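Chemist: Provided below are the primary sequence and the corresponding predicted coordinates.
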Amino acid sequence: MKRKTKFISIVLVVLAIAAGCNRSTDANATPVKNIVKINGQTYTSKDLWDYSNVVLWEMEPKDLDSAEVRDKILQDFIEHKLLLEEAEKRGISAYHDKQANPLYSQLTTEEGAKELKAVTGQYDIDANKVAQLAEERLIIDELSQLVVTNMNPITEDELKRYYESKAIEKNPVGIAHILHIFTTEQAKAQEAAKELSSGITFSEVARKYSEGPEKTAGGDLGFIKESDYPEFFSDAFKLKEGEVSAVIQSDYGYHIFKMVQYANAARTSYENVKQQLLAELYVQKRQEMIREFINALHSNADIQYLNAFTLDELFPNRVER
């Protein structure tokens, strides 16, 4: 029982198959149609079906009608083929050992094929096709590992910038501790800015120049919510912690802000989350590097779209809706 459960879990994770398909077919077979030519190789609606059927079976009818979903599936298919072609050029496909792929080995047995049909509820599903797709994805993963081999190491400064960006992202309600200088005279605002740049503290300058009620508190507004203040206060919420704004003009007069800290400033320290952030940033940079690689393959490829199609047309038999 444990072995069967493990096998089912692998299928669900690798191929994103959800159990309980309730779509049926009729007897009107759909004709095969040429869909796209990639670097001289023509692919048909049957090829696209073999690639995407485990997803298509679980789609709602409204998704099958979506041109956006259709185009996304086609582009995923094209990228898949471009990556396999590149893997073959680099010799990855030739030396890759199918027997080292447990999912491939399991699906190509009679028992594995039966389990796949039971898990998906698709009793006409071709286990060998699913096994081949799983194998191709492993080959592409090996290619991806080669692509990122020369990725530059993440520097300490880069990691700290990422930490700060994450801190700001975690302030969804726009609450922050802000200092404010307000005056109706442009000349006074400019003089205040000049003194701030010379190193005089914000509180001293605010007491000297500000006309707002917070003047006596050195311009200290305390923690405020962005949505409770006029629109021009959004400029204050764009500042980094410790940063002072330039002079900002509004319908009321002239303003200078200082961001003291965001409401989440009591967040976990950098050192405590450093390893977690390092892992996150590595994955992000890895994905960006692979995406650039795929985009380059796509730009250099000869891709010809041959015939329009709907997702319904991919099913070997027409779908009853």
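Modeler: Sure thing, it's come through. Residues are numbered from 1 along each chain as shown.

Chemist: got the buried residues for the helix or strand where Ser52 lies?
Modeler: Per DSSP states H and E, Ser52 falls inside helix 45-56. By 16 or more other CB atoms under 10 Å, the buried positions in helix 45-56 come out as Ser45, Asp47, Leu48, Trp49, Asp50, Tyr51, Ser52, Asn53, Val54, Val55, Leu56. C-beta here means a position set from N, CA and C on the backbone, and glycine is covered the same way.

Chemist: Okay, buried residues for the helix or strand following that helix please.
Modeler: Remark: after helix 45-56, the chain's next helix or strand is helix 61-64, criterion DSSP H and E. Within helix 61-64, the residues that count as buried by 16+ other CB under 10 Å are Leu64.

Chemist: re earlier: who does the helix holding Ser52 touch, helix- and strand-wise?
Modeler: strand 34-38, helix 67-89, helix 127-147 (3 or more CB pairs under 8 Å, 6 or more residues apart in numbering; DSSP states H and E).

Chemist: and the buried residues of helix 45-56, which two are the farthest apart?
Modeler: Greatest spacing in the buried residues of helix 45-56, by CB to CB: Ser45 and Val54 (16.2 Å).

Chemist: Pretty sure Tyr209 sits against Ile181.
Modeler: Yes: applying CB atoms under 8 Å, one finds Tyr209 in contact with Ile181, separated by 6.0 Å.

Chemist: Show me which positions of stretch 298-310 end up buried.
Modeler: For stretch 298-310, using 16+ other CB under 10 Å, the buried residues are Phe309.

Chemist: mind saving the C-alpha coords of that stretch as CSV?
Modeler: The C-alpha atoms that make up stretch 298-310 are tabulated as CSV, following Å, rounded to 0.1, in the frame of the first residue of the first chain:
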residue,chain,number,x,y,z
HIS,A,298,12.8,31.1,-29.3
SER,A,299,14.3,34.2,-31.0
ASN,A,300,16.7,32.1,-33.0
ALA,A,301,14.2,29.4,-34.0
ASP,A,302,12.2,29.2,-37.2
ILE,A,303,8.6,28.8,-36.0
GLN,A,304,5.7,28.7,-38.4
TYR,A,305,2.1,28.5,-37.1
LEU,A,306,0.2,26.4,-39.6
ASN,A,307,-3.5,26.1,-38.7
ALA,A,308,-5.8,27.6,-36.1
PHE,A,309,-7.3,25.2,-33.6
THR,A,310,-9.4,25.1,-30.5
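
Chemist: any low-confidence regions in this structure?
Modeler: 1-30, 95-103, 116-117, 119-124, 167-173, 264-268, 317-321 (pLDDT under 70).

Chemist: which one in it is furthest away from the centre?
Modeler: Computed with CA atoms, centre = their mean, the residue of the chain farthest from its C-alpha average is Lys208, at 48.8 Å.

Chemist: Could you pull up the residues touching that one?
Modeler: Ala192, Glu195 (CB atoms under 8 Å, 6 or more residues apart in numbering).

Chemist: Could you shift the numbering so residue one becomes 23, and keep it that way?
Modeler: Got it, first residue is 23 now, which makes that one Lys230.

Chemist: Could you check which helix or strand contains it?
Modeler: Judged by DSSP H and E, Lys230 forms part of helix 224-231.

Chemist: hang on, isn't Phe224 packed against Ala239?
Modeler: No: assessed by CB under 8 Å, Phe224 is found out of contact with Ala239, at 11.3 Å.

Chemist: If you count surrounding residues, which of these two has more?
Modeler: Phe224 (21 against 16; other CB atoms under 10 Å).

Chemist: Could you measure from that one over to Glu265?
Modeler: In this view, Phe224 and Glu265 are 11 Å apart by CB to CB, to the nearest Å.

Chemist: which neighbours do the two share?
Modeler: Common neighbours of Phe224 and Glu265 (CB under 8 Å, 6+ apart) are Lys280.

Chemist: Bridged to Val266, which residues?
Modeler: Under the criterion DSSP bridges, Val266 forms beta bridges with Lys280.

Chemist: can you pull out the strands in this structure?
Modeler: For the chain, the strands defined by DSSP state E cover 47-51, 56-60, 63-66, 197-205, 242-247, 270-271, 276-284, 325-327, 339-341.

Chemist: a markdown table for the ones you listed, including distance to Thr131?
Modeler: Formatted as a markdown table, the strands of the chain follow (distance: least, CB to CB, whole Å):
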| stretch | distance to Thr131 |
| --- | --- |
| strand 47-51 | 27 |
| strand 56-60 | 32 |
| strand 63-66 | 29 |
| strand 197-205 | 58 |
| strand 242-247 | 61 |
| strand 270-271 | 70 |
| strand 276-284 | 56 |
| strand 325-327 | 37 |
| strand 339-341 | 27 |
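
Chemist: Out of those strands, flag the one nearest Asp85.
Modeler: Using CB to CB, the strands of the chain put strand 339-341 closest to Asp85, at 12.0 Å.
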